[in-house]
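>>> Have a look; sequence and predicted model below, questions after that.
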Amino acid sequence: MNYEETLARLCAIGAPSGFERPMAQAAAELLRPVMDEVKIDKMGSVVAVRRCGKENAPRLLLDAHLDEIGFIITGHEEGFLRFAPLGGVDPRMLPDRELTILTQPPITGVVACMPPHVLSDEERDKSLPIQELFIDAGLSQEQAKARIPVGTPAVYRAGCAPLGEHKLCGKALDDRACLAVLIDAAQQLLGEKLDVDLYILGSVQEEVHGTGAITAAYGIVPDLCVAVDVTHGSSPDAPKDETFPLGGGPTVGLGPNCTKWMGERFCAKAEELSIPYSVEVMPGHSGTNGWDLQITREGVATAVLSVPLRYMHTPLETIHRDDLTAAARLLAAFVKDLGKEVPTYA
Amino acid sequence: MSLSILELISKLTAVHGPSGDERAIRELIAELAKPFADEITSDVMGNLVVHKKGSGPKIMFAAHMDSIGLIVTHIEKEGFLRVGKLGGISPKDVLNTRVRFKNGVRGVLVAEEKTEDKVKLEDCYIDIGARDEEQARTLVQVGDTAVYDTAVYNTAVAEVNGRVISPYLDGRIACAVLLKAMEQVTARENDLYFVFTVQEEVGTRGAKTAAWTIDPDYAIAVDVTDVDDTPGAARYGTCKLGCGAGIKVMDHSVICHPEVVDALERCARDKGIAVQRDILRAGGTDAGPIHVSRTGVRTGGISIPCRYVHTPAEIADLNDCAACVELAVAFARSQMTAI
Amino acid sequence: MLELLKQLCLLNGVSGDEGEVRAFLRAQAEPYADSIRTDALGNLIVFKQGAKATGNRLLLAAHMDEVGLIITHVTDEGFLKFGFVGGVDRRIAIGKPVVLGSDRVPGIISLKAIHLTDKAELKKVPKTDSLYIDIGAGSREEALKKVPLGTYGSFVSQPEEFGDGFFKARAIDDRIGCAIMLELLKEELPLDVTFAFTAQEEVGTRGAFGAAFSVTPQVALVLETTTAADLPGVDSHRRVCAPGKGPVISYMDGSTIYDRGLFEDLRRLAEDNGIPWQTKEYIAGGNDARTIQRTKQGVRVAAMSAATRYLHAPSSVASVADFKNMQELTRLFLLDQARQAN
């Protein structure tokens, strides 16, 4: 798996929550060579399956979400566009920010910023909330209304490129980096005989309502699942006890949202294969699809495997390549011979 | 029936039905729906389901019949009633409003004299004019619910151009739209379910079970939506009064399925119905639980633009309502693909 | 000229580090120059003779430099601390990519994730000294090898046409002035003109001191950009000017009261020739004119600018029609100056 190439391609796609179709198509294309069947379900998620051939084999679901945070146009004023966020956008990222407005063809916009002379000293220290900001697309009011109707989505204008020797930086690494990890793991498992039916889910709308994970899992009825998502990477302004070093390997979740034996298996496999890793203790909501997946139908044994990512939800998310390859290796090791470990509940 | 929308609104808002206590409103709606139904049922939560049978795909329309209200939590020695809220009651919106209990007892909600600017509900109470606790207890009990006791007005002389000022348009105007729609939908293929849900205001609870039971192919949540056309508007909505039916793109609980948004826009174009796009930033609807039911439901929304939502005097445009009825009818008749 | 402007907007030249821009301008100007020199501050001064031999009478000026940043120190973990060079509103720097040094080492200025930020923090913007640049280095040594202290950094933005007749790029301020001057250099001029491509305007119109002193002109026209605040929510009396309404002819700004006669000349030339024009409807800002005007015994100064939104930010927006009109009006000004000269 060439992460640099794959992510350069995937992160350039504009697919915010609720508008994931181009990303679903790209994901389906990448999954076809490594899975038996791939389809896009009615809510837009990509569901791929590779059956092991054993009768009544346990069903394992691996999930990474397709959507990125983004924006949606809500109005027009003097040719400028009012907008609302899709997902958790940091408003301090927005002044003078270039966006891609997802019309056909896409249009570039710039989030307008007030020049200093109209602001007082206190105002210059404040960040403006999103409802006071607007996008400049260089259009008149009539043109804006005709070409960019209310409801048009938009994303940060960015892709993904190397940063330094070991890292990749771009938008939507949350969670497309982890989708690449799933594909990498599936590639590594191609030569192996499986004892579980493997489902890979590229879910929609994780950043807003968890729609994709909730509805796809209801249809798949997995016995166990692993939510693969990003976690916070360390940076100078972030608290050390809430972040993980880039290059230190993936993190294995512990806590009520993470079924104990699955977490233990991840750790054991990591030790066995000398894969660097950390444990991430989460007292409640894991902040991933794992939360919703765990309560599907009759409940699902759940694990959360995460890759440290700096600057989450900015257009400059940064991740370490080695952490991605480590996560894929660990995941493949976890899946191999998994079937016999799955407990029966009585 | 042939009651006008205005008449329906007057009837529906006069009946008691805050979240959790919807029996009276359910009975009224069942009675009004009867002539147009193949089957009427209600479920454990209290949702009312009106079924018009068809061989085609299942379409579920949902409008909530519950209203926001107040619930008595404690009766003071002097006969004053302390209250909790049913749904999103903002004290500053309801101060000094007349309220009414199911048994007809009336009172007014006030704040304690010494309250500072930011009023909390626990600093308020209902005064029903009782002399003391003993007398109060002959009139109301802890757990009794109260609703706004404000009147319904039409702002124009003839209904055709008017706007209606009324409590509880949030909920009941959508019910009126569905009642008119079911009256007008005759020949069709789609298997139609008109659902009047309960407990929407306390967390869209009724819709969850109704959707799971019906398991529809498509769903349309019909409700009011916030507007962006009043002085100092906080820009939480995109609709304006008088600009037509709202086609919901997104609210706080759902991003509508593009297939449904497109279908509604097509219906509007084909039938020349005035519409506008609705994005509601703060506020969810029954579409929330419906769209994630089971393996998911392709869900959209038809919204009635409404000012001053959750206050004792909400305002909507009767032409917008008529457009909503037309749009609902058109969608009910349109050819959708079964899953 | 738009293609030339795009090339200029891709060059990096933060105040004090204008080498790349100067080299490009010099190579472009040399074939047309009668004399060309660089001075101690890095100004590029070009003299071209015209139909009338007026010598040093007329000076045209535009600055080569742009705002940016400079690396001040490196943390143990390999993150870079920096200061802004020129007036930069730190809110537009947050979340932006930058390139450092002549090797253009990529870096990013970012903040910890929103999930790790509490409500109070979200409402405020961190001070410049708590911002940092991440170049993906794992240690101080690794970072310093690529980016020594004192390295300059520029913001990154693709120059391109945008919307309906607009242009978006970094450093429209003041590469548009440089572009117009370069195009004029290629033409037959009606009188002698000295073209000063100045350095370090953004840190206090520094290059202009030496340039004006050495040329000692009688009349100077500064070609610049100026802030447009034609945005919703801004009171009409604070909007200053707007892209698309024509070149901005200033009568006064925060640092200079322009020569009234020259202002009237420009206005007359615009009106007589059907060129749209506007003026700055708010007193603020300043440019090289403030230094040139008060050189030796004084110089009559005028300024013509392109109205530009989001100045001093990576994605500035101006009007293509304004650029063309600014170029045309400058030509007419030269003809008029030639007429006025005895």
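Now that the structure is in, tell me what you want to look at.
>>> going forward, measure contacts between C-alpha atoms and count neighbours the same way
Will do.
>>> Look up phi and psi at the closest residue in space to C:Pro106 that isn't next to it in sequence.
Using CA to CA, 6 or more residues apart in numbering or on different chains and skipping residues adjacent in sequence, the residue nearest C:Pro106 is C:Val99, 4.6 Å away. In terms of degrees, to the nearest 10, the main-chain angles of C:Val99 are phi -120, psi 140.
>>> Let me see the contact set for C:Val99.
For C:Val99, the set of contacting residues under the criterion of CA atoms under 8 Å, 6 or more residues apart in numbering or on different chains consists of C:105-107, C:153-156.
>>> Can you tell me how far it is from C:Ile108?
8 Å (CA to CA, to the nearest Å).
>>> Quick check: A:Ala154 is in a helix.
No. Membership of A:Ala154 in a helix is not supported by DSSP: H, G, I helix; E, B strand; the rest coil, which gives strand.
>>> Was I right to think it contacts A:Ile107?
No. Using CA atoms under 8 Å, A:Ala154 is not in contact with A:Ile107; the gap is 9.3 Å.
>>> okay, those two: which has more neighbours?
More crowded of A:Ala154 and A:Ile107, by other CA atoms under 10 Å in any protein chain shown: A:Ala154, with 28 against 17.
>>> Identify the residue nearest that one in space, chain neighbours excluded?
Spatial nearest neighbour of A:Ala154, chain neighbours left out: A:Ile101 (4.2 Å); criterion: CA to CA, 6+ apart.
>>> swap in C:Arg170?
For C:Arg170, the spatially nearest residue (CA to CA, 6+ apart) is C:Pro314, at 4.6 Å.
>>> Can you verify my assumption that the one you found contacts C:Phe155?
Yes. Taking CA under 8 Å as the definition, C:Pro314 is a contact partner of C:Phe155 at 5.7 Å.
>>> Between these two, which contacts overlap?
Here C:Pro314 and C:Phe155 share the contacting residues C:Arg170, scored by CA under 8 Å, 6+ apart.
>>> for the residue in chain B that chain A sits nearest to, helix, strand, or coil?
Sorted by distance to chain A under CA to the nearest CA, the residues of chain B start with B:Thr295, at 4.1 Å. The three-state label for B:Thr295, taken from three-state DSSP, comes out as coil.
>>> which residues of the stretch 201-346 of chain A fall in helices?
Per DSSP state H, counting those that start in this stretch, the stretch 201-346 of chain A carries helices over the ranges A:211-220, A:260-272, A:290-293, A:321-335.
>>> What is the neighbour count of the spatially closest residue to A:Pro276 that is not a sequence neighbour?
Leaving out its chain neighbours, the residue that sits closest to A:Pro276 by CA to CA, 6+ apart is A:Gly249, at 4.8 Å. Neighbouring residues of A:Gly249 were enumerated by other CA under 10 Å; the total is 25.
>>> next one: C:Asn273
One way to gauge burial is a neighbour count; for C:Asn273, by other CA under 10 Å, it gives 12.
>>> quick one: pLDDT of B:Ile339?
Note for B:Ile339: predicted pLDDT of 56.
>>> ok, now A:Asp241?
Per-residue confidence at A:Asp241 stands at 80 (pLDDT).
>>> Low-confidence ranges, the stretch 151-300 of chain B, go.
When the per-residue scores of the stretch 151-300 of chain B are filtered using pLDDT under 70, the ranges that remain are B:157-161, B:187.
>>> what number of residues lie near the residue of it found nearest chain C?
For the stretch 151-300 of chain B, the nearest residue to chain C under the criterion CA to the nearest CA is B:Gly232, separated by 12.3 Å. Burial measure for B:Gly232: 7 neighbouring residues, criterion other CA under 10 Å.
>>> Would you check how far apart it and A:Pro129 are?
Note on B:Gly232: its distance to A:Pro129, by CA to CA, is 16 Å.
>>> go on, C:Arg260?
Applying CA to CA, one obtains 43 Å for the distance of C:Arg260 from A:Pro129.
>>> again, but for C:Val299
Taking CA to CA, one finds C:Val299 at 47 Å from A:Pro129.
>>> neighbour count winner among the two?
C:Val299 (23 against 13).
>>> show me the contacts for the more buried one.
When the contact criterion is CA under 8 Å, 6+ apart, the partners of C:Val299 are C:216-220, C:292-293.
>>> Residue of the stretch 1-150 of chain B closest to chain C, please.
Chain C sits closest to B:Lys118 of the stretch 1-150 of chain B, with a gap of 20.2 Å, by CA to the nearest CA.
>>> mind checking the SS state of that residue?
When classified by three-state DSSP, B:Lys118 comes out as coil.
>>> tally of neighbours for B:Glu112?
Applying other CA under 10 Å, we find 11 other residues in the vicinity of B:Glu112.
>>> Now do the contacts for it.
B:Glu112 makes contact with B:123-125, according to CA under 8 Å, 6+ apart.
>>> Restricted to helices, list those.
Applying DSSP state H to the contacts of B:Glu112, no entry is found in helices.
>>> A:Ser163: what's it in contact with?
I think there's a mix-up here, since residue A:163 is Leu and not Ser. By CA under 8 Å, 6+ apart, the residues touching A:Leu163 are A:169, A:318, C:106-107, C:135-136.
>>> same question but for C:Ser316, I mixed them up
C:Ser316 sits next to C:168-172, C:308-310 when contact means CA under 8 Å, 6+ apart.
>>> before we move on, what about B:Val140?
Taking CA under 8 Å, 6+ apart as the definition of contact, the neighbours of B:Val140 are B:Val105.
>>> Give me the local confidence score for it.
At B:Val140 the predicted local confidence, pLDDT, stands at 95.
>>> Phi, psi for it please.
Main-chain dihedrals, B:Val140, degrees, to the nearest 10: phi -140, psi 160.
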